[in-house]
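Trainee: Sharing a model that was predicted from the sequence below.
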There are 2 protein chains.
Amino acid sequence: MDTDAVSKAFVEHYYSTFDANRAGLAGLYQDQSMLTFEGQKIQGSQSIVAKLTSLPFQQCQHQITTVDCQPSGPAGGMLVFVSGNLQLQGEQHALKFSQMFHLMPTPQGSFYVLNDIFRLNYA
Amino acid sequence: MDTDAVSKAFVEHYYSTFDANRAGLAGLYQDQSMLTFEGQKIQGSQSIVAKLTSLPFQQCQHQITTVDCQPSGPAGGMLVFVSGNLQLQGEQHALKFSQMFHLMPTPQGSFYVLNDIFRLNYA
């Protein structure tokens, strides 16, 4: 498996979906998935998407600066570490963010997000 | 297992060792351990510590801003996501950094670092 290519494709898919239609991210999470968003812990696809769709901005645009990837062990998972800028509609300055995903393989040969940790860097 | 307490203790141990005696980090990594440092991929405890001890500064001090933690799956691992400031000796401004660790249990009941990804945020 070319983990760099898979992670790059995942990152492009994730953030373009986030910016266009956050509810469309539901399919990337499962019941055991965990999100820590600015320190707040949320579990399960439904609760995670409820959190993401209730964030206090309507439109946003992620611009990715770096994507790093490593295999996470014998279970076939993959760690993806992202840094970038988040531009909120109506705000003058973009916010810097860092985010990590732990992707796990599905029986269908795809991946789902088991772990997701997001932090703004307040630059 | 109280993953928050374990991750907090790990983070304190890791960065105090880094700032006092980088070579002392060798025991936290194993042969299969991976470090991605500013995009450069390095594998194995010996190579990782060679990289860390050859960084172009003698003295530094990490100041931790946030620590987030999640269990990484049935193998008993733990993901630790850190943000903070890195002050290099002789530099006026601290650098912001983000770093993630994937800790895996050892047969002795401790943890080692399987995955380590480090990025400066260039604030």
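Mentor: Ah, there it is. Numbers count the residues shown, from 1 in each chain, chains lettered A, B, ... in the order given.
Trainee: ok, longest helix in chain A?
Mentor: Longest helix in chain A by number of residues (criterion: DSSP state H): helix A:3-20.
Trainee: For chain A, which segments count as strands?
Mentor: Secondary structure of chain A (DSSP state E): strands at A:29-37, A:40-43, A:60-71, A:78-88, A:95-105, A:111-120.
Trainee: And the second one, what does it pack against?
Mentor: Counting by 3 or more CB pairs under 8 Å, 6 or more residues apart in numbering or on different chains; DSSP states H and E, the packing neighbours recorded for strand A:40-43 are strand A:29-37, helix A:45-53. Using the backbone N, CA and C atoms, a C-beta is placed for each residue, glycine as well.
Trainee: Briefly note if the first one comes near chain B.
Mentor: Read it as strand A:29-37. Yes. Strand A:29-37 comes into contact with chain B (CB under 8 Å from any CB of the partner chain), by way of A:34, A:36.
Trainee: Report all helices and strands that that strand contacts.
Mentor: So strand A:29-37, by 3+ CB pairs under 8 Å, 6+ apart, packs with strand A:40-43, helix A:45-53, strand A:111-120, strand B:60-71.
Trainee: Across the sheet, point out what pairs with the residue nearest to A:Phe57 when sequence neighbours are not counted.
Mentor: Nearest non-adjacent residue to A:Phe57, counting by CB to CB, 6 or more residues apart in numbering or on different chains: A:Leu88, 4.7 Å away. Beta-bridge partners for A:Leu88, by DSSP bridges, are A:Cys60.
Trainee: Same check on A:Leu79?
Mentor: A:Gln70, A:His102.
Trainee: per-residue confidence at it?
Mentor: Note on A:Leu79: pLDDT of 98.
Trainee: Likewise for the one 4 residues further on?
Mentor: Note for A:Ser83: predicted pLDDT of 96.
Trainee: Chain B contacts on chain A?
Mentor: Checking chain A against chain B by CB under 8 Å from any CB, the hits are A:34, A:36, A:39, A:41, A:66, A:68-75, A:77, A:79, A:81, A:83, A:96, A:98, A:100, A:102, A:104, A:114-115, A:117, A:119, A:121, A:123.
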